[in-house]
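Novice: give me a model of this one.
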Amino acid sequence: MDINLPDVLAEVTQVCERYEQALVTNDVAVLDELFWHSPHTLRYGATENLYGHAEIAAFRAARPSTGLARRVLRTVITTYGRDMATANLEFQREGSPVTGRQSQTWLRTPQGWRVVAAHVSLLPPRAE
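Specialist: Residues are numbered from 1 along each chain as shown. As a prediction, the model looks like this:
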């Protein structure tokens with residue numbers, strides 16, 4: 001299996017950057033577009049478990065649009081062949097000592113790269 005083919009890695013990196021921009025600006029249309037439109041898609045959030053594109057879209061539509069700014073601390077993208085990838089990143093919300101983690105599994109579909117599974121979790125601040 002070919003890992004991190006340069007052209008595929010560039011494609012996934014670009015779509016991940018588009019996702020990040022949509023996330024911090026609350027561009028719900030782009031966020032909905034980038035999740036696979038399937039009942040098989042899932043997103044485990046920091047406080048919610050969402051099954052299927054419809055639940056994910058409803059969550060996005062109802063979510064507050066403030067306090068979304070964050071600083072990405074580290075990103076690791078790995079592609080597997082030409083049609084599958086994972087993207088994992090660590091982040092901090094502005095003014096928060098909590099580190100968040102985001103994992104996404106991306107699949108190349110006829111519509112383009114789409115998130116088929118995602119997970120967000122938070123780590124408590126480290127004791128000094």
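
Novice: report the central residue of this structure.
Specialist: With distances taken as Cα atoms, centre = their mean, residue 104 lies nearest the centre of the chain, 5.1 Å away.

Novice: any idea how far it lies from residue 126?
Specialist: Separation of residue 104 from residue 126 (Cβ to Cβ, to the nearest Å) stands at 25 Å. In short, each C-beta sits where N, CA and C put it, glycine included.

Novice: which residues of this protein fall in helices?
Specialist: Per DSSP state H, the chain carries helices over the ranges 6-25, 28-34, 53-62.

Novice: just to check, residue 105 is in contact with residue 84?
Specialist: Yes - using Cβ atoms under 8 Å, residue 105 is in contact with residue 84, at 7.4 Å.

Novice: report the beta-bridge partner residues of residue 89.
Specialist: Note on residue 89: beta-bridge partners by DSSP bridges are residue 75, residue 102.

Novice: next, the contact list for it, please.
Specialist: 72-76, 101-102 (Cβ atoms under 8 Å, 6 or more residues apart in numbering).
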